[in-house]
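Q: what's the 3D shape of this:
(one chain, ligands or ions: 1)
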Amino acid sequence: MKKILLLGTGGTIACVPSAYGLVPQLDGAALLQLVPQLDGLCRIDCKQIMNLDSSNLEPRHWQQMAEAVAHNYDAYDGIVITHGTDTMAYSAAALSQMLQNCRKPVIFTGAQLPMQAAGSDAHANVLHAFTAACSDVQGVCLAFGRLLIHGSCAKKLYTQSFDGFGSVNRQPLAIFANDVLLWQTQQRRGGGWGSGAFSVNTKLETKVAVVKILPGTTPDILDFYLQQGYKGLIIEGFGAGGVPNGSNNWLPQLQKALQAGVKIICATQCLYDGVHLDTYPIGVLAQRLGAQSAGYATIEAAAVKLMWELGQE
Ligand code: ASP
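A: Residues are numbered from 1 along each chain as shown. This next block holds a predicted model:
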């Protein structure tokens with residue numbers, strides 16, 4: 001039987017009711033007791049590395065998760081990480097970046113309802129995550145609802161639906177049908193996959209922000225980030241991406257930020273189809289100044305990638 005490690009980090013899946021709403025309290029072993037379908041599937045050890053609402057997670061917690069995976073990588077065939085849904089897409093993207101040449105399954109999962117709540121989605125999600133962890137998929141993935149998603153393409157789309165996550169700009173790796181994995185792609189590779197020797201690199205620059213443009217937002221907003229010493233900015237613009245260059249002209253301020261050494265990535269408020277800076281002057285001119293494109297990355301993946309790349313400088 002395969003040997004799988006469960007790393008518990010908290011989230012609704014582990015919550016119990018309190019006077020202040022749901023708080024994570026159950027550890028991995030308590031969660032597993034409520035999923036008897038796992039008996040006979042694999043051997044499981046549990047380690048609790050934190051027990052937090054994922055909205056309270058910070059980059060140092062991603063580093064802790066990546067280090068826990070690296071520490072146990074050789075001893076296990078796969079790793080399941082139970083996690084809150086709110087920021088699970090960020091953590092999955094972060095581990096996809098930090099774990100290099102990851103050839104074992106590292107599967108994030110969580111739930112919209114606590115494991116102990118009637119009608120919870122937690123049992124199915126945990127069963128699916130362990131099924132994926134016992135499969136031959138390699139790298140970081142997220143198992144949720146009916147989907148197995150590449151670790152850097154997941155996005156939380158619904159606050160309540162059991163199909164809470166989508167796979168953005170990439171096919172899901174697999175669909176769960178009656179608890180069986182139906183592969184959708186030939187290559188069963190998640191985030192961090194590579195053919196070299198496994199390693200972990202958790203260095204990050206956290207002075208990174210996302211600036212969302214509204215119609216009429218003026219570019220003086222960039223001065224704040226410059227004054228505060230930010231090293232990277234993701235400008236979440238409209239449509240194919242870029243910055244306004246009309247009567248409200250962002251280009252001079254953009255140039256100032258770039259000349260100050262700030263790395264600028266143009267992203268889009270659209271969910272699908274990516275950024276295409278060469279389509280309109282708003283993108284072409286920003287690009288000529290040195291802004292780069294987020295391409296097909298989600299905001300979560302683009303932000304984490306920028307933190308990681310700046311962390312290597
Ligand atoms: N607030 C919770 C969390 O992200 C939501 C969830 O897990 O569904 O930890």
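Q: need the contact list for Tyr230.
A: By C-beta atoms under 8 Å, 6 or more residues apart in numbering, the contact list for Tyr230 reads 207-209, 262. Heads up, the C-betas are built off the backbone N, CA and C, glycines and all.
Q: can you pull the pLDDT of the spatially closest residue to Gln292 that is not a sequence neighbour?
A: Spatial nearest neighbour of Gln292, excluding adjacent residues (C-beta to C-beta, 6 or more residues apart in numbering): Ile265 at 5.3 Å. Here, the pLDDT recorded for Ile265 equals 98.
Q: one more: Ala177?
A: Reported pLDDT for Ala177: 96.
Q: how about the residues of the stretch 101-250 of the chain by the ligand?
A: Neighbours of the ligand within the stretch 101-250 of the chain, by C-beta under 6 Å from any ligand atom: 110, 112.
Q: for the ligand, what's the nearest residue on the stretch 151-300 of the chain?
A: Going by C-beta to the nearest ligand atom, the ligand is nearest to Gly164 of the stretch 151-300 of the chain, at 7.6 Å.
Q: what about that residue, how many neighbours?
A: Gly164 is flanked by 22 other residues according to other C-beta atoms under 10 Å.
Q: contacts only, for it.
A: Gly164 is in contact with 85, 112, 144-145, 156-158, counting by C-beta under 8 Å, 6+ apart.
Q: among these, which ones are in strands?
A: Those of the contacts of Gly164 mapping onto strands are 144, 156, per DSSP state E.
Q: quick one: which of the contacts of Gly164 has the most company?
A: When neighbours are counted by other C-beta under 10 Å, Phe144 leads the contacts of Gly164 with 30 neighbours.
Q: that residue pairs with what?
A: Counting by DSSP bridges, Phe144 is bridged to Leu147.
Q: thought Tyr73 was touching Ala197?
A: No - Tyr73 is beyond contact range of Ala197, at 11.0 Å (criterion: C-beta atoms under 8 Å).
Q: who has more neighbours out of those two?
A: Tyr73 (18 against 8).
Q: nearest residue to Asp77 other than its sequence neighbours?
A: Lys2 (4.1 Å).
Q: what of Leu34?
A: Nearest-residue entry for Leu34: Met115, 5.3 Å, with adjacent residues in sequence omitted and distances by C-beta to C-beta, 6+ apart.
Q: show me where the stretch 1-150 of the chain has strands.
A: 3-10, 15-18, 21-24, 43-52, 78-82, 99-100, 105-109, 139-144, 147-150 (DSSP state E, counting those that start in this stretch).
Q: TSV please, covering those and showing distance to Ala174 and mean pLDDT.
A: Converted to TSV, the strands of the stretch 1-150 of the chain look like this (distance: least, C-beta to C-beta, whole Å; pLDDT from 0 to 100):
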stretch	distance to Ala174	mean pLDDT
strand 3-10	17	98
strand 15-18	28	98
strand 21-24	28	98
strand 43-52	21	98
strand 78-82	15	98
strand 99-100	20	98
strand 105-109	11	98
strand 139-144	9	98
strand 147-150	4	98
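Q: ok so, going back, please give me every residue in contact with the residue nearest to Leu34.
A: Applying C-beta under 8 Å, 6+ apart to Met115 gives the contacts 13-14, 26, 31, 34, 122-123, 126.
Q: how many residues are close by the closest residue to the ligand within the stretch 101-250 of the chain?
A: Closest to the ligand within the stretch 101-250 of the chain is Gly110: 4.9 Å, counting by C-beta to the nearest ligand atom. Summarising burial for Gly110: neighbours were counted as other C-beta under 10 Å, giving 29.
Q: which of the contacts of Tyr230 count as buried?
A: 208-209, 262 (16 or more other C-beta atoms under 10 Å).
Q: what about the residues you listed, which are in strands?
A: Short answer: these in strands (DSSP E) are 208-209.
Q: in the stretch 51-200 of the chain, which residue sits nearest the ligand?
A: Gly84 (2.0 Å).
Q: could you report the distance from Ala302 to the ligand?
A: 21 Å (C-beta to the nearest ligand atom, to the nearest Å).
Q: enumerate every residue touching that residue.
A: 234, 265, 267, 294.
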